[in-house]
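[1] how would this look folded up:
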Amino acid sequence: MVMTARELADLMPNATYLESDEPEMESSLHYAQLALLVTCLEWLWRDRNNFFIGANLTVYFSRQQLRTRDFRGPDFFVVKDTERRDRRSWVTWEEGGKYPDIIIELLSDSTARVDRNLKKDLYQDRFRTPEYFWFSPETMEFQGYRLVNQRYEAIAPNDAGQRYSQVLGLFLGIHEGQLRYFLENGDLVPTLPEATAAAITQAQEASAEAQAAEAKAARLAAQLRELGIEPEA
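    Residues are numbered from 1 along each chain as shown. Modelled structure (predicted):
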């Protein structure tokens, strides 16, 4: 039986079964954006087993927090150098004191003020999260910060308006109204359907090229026979 946060508060230190206590996402745009961030990175890192991606999960960082029920959960976060497995929430004292390495908040009318101020201060001063980004699926507002000397400094965009994440080794930028990952060479990190479609297209192109080469060889053989030369010779 899964216990509630209040029940577990009296049974410390084991808190591995704490459930997330985050509200629902604001809109279908936010759901779609969150799913995109998760699935693209999982596809790109499909051969790795040393990371955890949190999607709208509570980060429990103190027992006092459990007593006051002052829960804080990023919309999206990544923790590196940890076991890749399912979790109901992220409990820092059950994870060797690890906090998220990168956080992305999806702004909305009801959360933007908190995301830009209170949460930014929390991630900077308490979490010490190396990188913090926010993005609005509605207004396209996009900003990023990197922890430098214990303070967040704005990450300057490149000419394409993308901001580099040292944590991910990827650029983050807006593509067709959504926040996407880009490789350092500028290529878009695909979703699984996009990668599948690209592979099918490449296979079709390769097949067409093979058929064209075969037809060309047949025409050449016919021309040689007209000259009295056997192609095999």
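[2] quick one: the spatially most central residue of the chain from R180, how far?
    Central residue of the chain (CA atoms, centre = their mean): L37, 3.7 Å from the mean position. L37 sits 9 Å away from R180, going by CB to CB, to the nearest Å. C-beta coordinates here come from the backbone N, C-alpha and C atoms, glycine included.
[3] Same question for L147.
    Distance from L147 to R180, counting by CB to CB: 24 Å.
[4] cool, and R88?
    Taken as CB to CB, the span from R88 to R180 is 28 Å.
[5] more crowded one of those two?
    Legend: neighbour count by other CB atoms under 10 Å for R88 and R180, higher for R180 (21 against 13).
[6] What's the first helix or strand after the worst-scoring helix or strand of the chain on mean pLDDT?
    The helix or strand of the chain with the poorest confidence is helix 5-8; it has a mean of 49 (mean pLDDT, DSSP states H and E). Toward the C-terminal end, the helix or strand that comes next after helix 5-8 (DSSP states H and E) is helix 28-44.
[7] which residues are contacting that following helix?
    With CB atoms under 8 Å, 6 or more residues apart in numbering as the test, helix 28-44 has contacts from 25, 53, 55-56, 75-76, 78, 104, 106, 108, 135, 137-138, 168, 170, 178-181, 189-192, 195.
[8] Run through the protein and note the low-pLDDT ranges.
    Filtered on pLDDT under 70, the chain yields the residue ranges 1-26, 64-72, 198-213, 215, 217-218, 220-221, 224, 227-228, 231, 233.
[9] Show me just the buried residues among the contacts of helix 28-44.
    Buried subset of the contacts of helix 28-44 (neighbour count, 16 or more other CB atoms under 10 Å): 25, 53, 55-56, 75-76, 78, 104, 106, 108, 135, 137-138, 168, 170, 178-181, 189-190.
[10] any idea how the chain splits into domains?
    5-189, 191-233 (automatic domain parsing).
[11] ranges for the strands of the protein?
    Applying DSSP state E to the chain gives strands spanning 51-55, 59-60, 76-80, 90-91, 102-106, 131-135, 142-148, 151-154, 163-165, 170-175, 178-182.
[12] Mind putting these into TSV with distance to R219?
    What follows is those, written out as TSV (distance: least, CB to CB, whole Å):
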stretch	distance to R219
strand 51-55	54
strand 59-60	67
strand 76-80	56
strand 90-91	65
strand 102-106	57
strand 131-135	56
strand 142-148	55
strand 151-154	62
strand 163-165	52
strand 170-175	44
strand 178-182	44
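[13] and of those, who's closest to D125?
    Closest to D125 of these is strand 151-154 (CB to CB; 9.3 Å).
[14] buried stuff in that closest one?
    Buried-residue list, strand 151-154, by 16+ other CB under 10 Å: Y152.
[15] CA atoms of stretch 181-193 as PDB?
    Once non-C-alpha atoms are left out, stretch 181-193 reads as follows in PDB (Å, rounded to 0.1, in the frame of the first residue of the first chain):
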ATOM      1  CA  TYR A 181      16.800  20.000 -28.800                       C
ATOM      2  CA  PHE A 182      19.500  20.500 -31.500                       C
ATOM      3  CA  LEU A 183      22.800  18.800 -31.900                       C
ATOM      4  CA  GLU A 184      26.000  20.900 -31.900                       C
ATOM      5  CA  ASN A 185      26.100  20.600 -35.700                       C
ATOM      6  CA  GLY A 186      22.600  22.200 -35.900                       C
ATOM      7  CA  ASP A 187      20.600  19.100 -36.600                       C
ATOM      8  CA  LEU A 188      17.200  18.800 -34.900                       C
ATOM      9  CA  VAL A 189      17.000  15.900 -32.400                       C
ATOM     10  CA  PRO A 190      14.100  13.900 -33.800                       C
ATOM     11  CA  THR A 191      11.200  12.200 -32.100                       C
ATOM     12  CA  LEU A 192      10.800   8.500 -32.700                       C
ATOM     13  CA  PRO A 193       8.200   9.000 -35.400                       C
END
